[in-house]
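*Asks:* Need a 3D model of the following:
(one chain, ligands or ions: 1)
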Amino acid sequence: MYPVWEVPYLTAGGVLALIATFHMLPSHLATSAMWLSVYLEGKAYREERPELLEFVKKYSKFLLVFSYVFGSLSGVGIWFSATVAAPRGISGLIHNYVWGWATEWVFFLIEVAGIFLYTYSFDKVDRRTHLTVGWVFAAASWTTMVVIVGILTFMLTPGRWLATGGFFDGFFNQTYWPQLLLRTTAMFALAAAFAVLVAARLKDERARAEVVRAAGVTGLAGTLLGAACFAWYHASLPAALHDVLDALLTPALGRWMLYPALAVGLYFAVLAFKPLRVGTAAALGAIVVLFASVFALERARELIRKPYLMPGMMYSNQIIGADLPAKGVGSDAGRFARTGILAAAPFVPEGLRTLGDSNRAEAGRMLALLECSACHTLQERGLRPLPRLVRGLGMDDPAAMTGFLDALEGYPYMPPFVGNQAEKEALAAYLVALARNGR
Ligand code: HEC
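*Replies:* Down below sits the predicted model:
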């Protein structure tokens, strides 16, 4: 809904997805790396092995720069882009989950203080204190995931929240536990992959073998358990989401969700048995491959949310499609059908509020921006380009196109057209012209 952030070729959601993709590696590493680190630190103390400590120091410095500099910056980037891409969606989320985020930030602050304390107090405080800092930091970082997953899964399956509006009804929804465990197991696989990368540069051969073996075992366990959690997660999805998944999951995306994880599992198995075979290039390769899998999973999660931003309530284009009495929120659909969306939506440019012969083409474009541009670019190329898709329908008269807009609801992944008859016809005429001459 206007104000629309129109990003050519990519769409606003595409920008958000790019930043979120970049955020995935550092953020998941942040939640997991410290567990491996404190485990090895404890072992180094117990067995008096300074060369193991060498690894722990390197690893924590890597974590500080990679996760807490790049991870934090991209995290803020997600907030900025999400706020511009979907102000109404973010507002809805904040009104429900402000205390969720407040809680997450408390733990995040502990994390940030923790990583600096941990990295810079080696050999400066006694061993016990140092380990305690590590454990507290590890627990706090995982707790941020415990909180965020509640909000993320709420945006997928809000469950009883739709009836009650209750904080925990939405938070502990039907996909919460499977997704939390899926992310938790995957995060250990990631921590292991990065640990191998850091360990590959250790000079001491015995320490290198030991760290790589520990990482291999952790990684293998993470991948195997992750596969089991994925099956559980898949089974926990409601029927409507399975319909969208069946309609939108391409064979390629399905393959990307599975094969890279398999390859990385094999890699960890080899490392567990032959730890000295490790090399920096292979370690980097494993990270890239693992990332491909995580990326495909996140992409699939975004796909199955369609046509919603907040399922059962707000569509991806920020139009509210259903009443939500528990929150005192009313549907836009009926209201916009009566008054027209151009007249009633906030911030529509003055000249386009009332539809007439002189502004029909421009109003049609405005309607496409309002209702379609969350998922389609209006350019010839890019993300689900409207000109090409409309051409694919093979309809080149506005009446047939109006019929298509009437039938939008039949697609499991697209919201219905919202507005009055004249607006529907203006949009149809615009789409036909767009398909014909790209404008
Ligand atoms: C919630 C996201 C979303 C919104 C909003 C949306 N669409 Fe789509 N649309 C999709 C997806 C996903 C596809 C499938 C694309 C593909 O197969 O590559 C699609 C496909 C299409 C197709 C091709 C259909 C076919 O059967 O081949 C057309 C035409 C289309 N959309 C038009 C529109 C128009 C017009 C609007 C605005 C009134 C709109 N869409 C709004 C997500 C959306």
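
*Asks:* Run a quick check on residue 295 versus residue 25, I expect a contact.
*Replies:* No - Residue 295 is beyond contact range of residue 25, at 9.4 Å (criterion: C-beta atoms under 8 Å). Quick note: C-beta positions are derived from backbone N, CA and C, even for glycine.

*Asks:* Settle it for me: which of these two has more neighbours?
*Replies:* More crowded of residue 295 and residue 25, by other C-beta atoms under 10 Å: residue 25, with 23 against 18.

*Asks:* My read is that residue 379 contacts residue 389, right?
*Replies:* No - at 11.9 Å, residue 379 does not count as touching residue 389 under the criterion of C-beta under 8 Å.

*Asks:* Give me the more crowded residue out of the two.
*Replies:* Residue environment comparison for residue 379 versus residue 389 gives the larger neighbour count to residue 379, 17 against 13, counting by other C-beta under 10 Å.

*Asks:* in what helix or strand does the residue most central in space within the chain lie?
*Replies:* In the chain, the centroid-proximal residue (C-alpha atoms, centre = their mean) is residue 298; its distance is 5.3 Å. When secondary structure is defined using DSSP states H and E, the element that contains residue 298 is helix 280-304.

*Asks:* Can you name the element that comes right after that helix?
*Replies:* strand 308-310.

*Asks:* so what secondary structure elements neighbour the following helix or strand past that following strand?
*Replies:* Elements were assigned by DSSP H and E; along the chain past strand 308-310, the next helix or strand is strand 314-315. For strand 314-315, the contact count by 3 or more C-beta pairs under 8 Å, 6 or more residues apart in numbering; DSSP states H and E identifies helix 87-120, strand 308-310 as packing neighbours.

*Asks:* Dump those to a markdown table, plus mean pLDDT, mean neighbour count and distance to residue 410.
*Replies:* Rendered in a markdown table, the data for the helices and strands packed on strand 314-315 read as follows (pLDDT from 0 to 100; neighbours: other C-beta atoms under 10 Å; distance: least, C-beta to C-beta, whole Å):
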| stretch | mean pLDDT | mean neighbour count | distance to residue 410 |
| --- | --- | --- | --- |
| helix 87-120 | 95 | 17 | 24 |
| strand 308-310 | 93 | 24 | 16 |
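
*Asks:* Among those, which comes closest to the ligand?
*Replies:* When the helices and strands packed on strand 314-315 are ranked by proximity to the ligand, the top entry is strand 308-310, at 7.4 Å, counting by C-beta to the nearest ligand atom.

*Asks:* Using the record's assignment, carve the protein into domains.
*Replies:* Structurally, the chain divides into domains by automatic domain parsing as follows: 12-315, 340-437.

*Asks:* if we can go back for a sec, give me the phi and psi angles of the closest residue to the residue nearest to the centre of the chain other than its chain neighbours.
*Replies:* Closest residue in space to residue 298, ignoring its immediate chain neighbours: residue 24 at 6.5 Å, by C-beta to C-beta, 6 or more residues apart in numbering. Summarising the backbone geometry of residue 24 under the convention degrees, to the nearest 10, its torsions are phi -60, psi -50.

*Asks:* I am finished for the moment; much appreciated.
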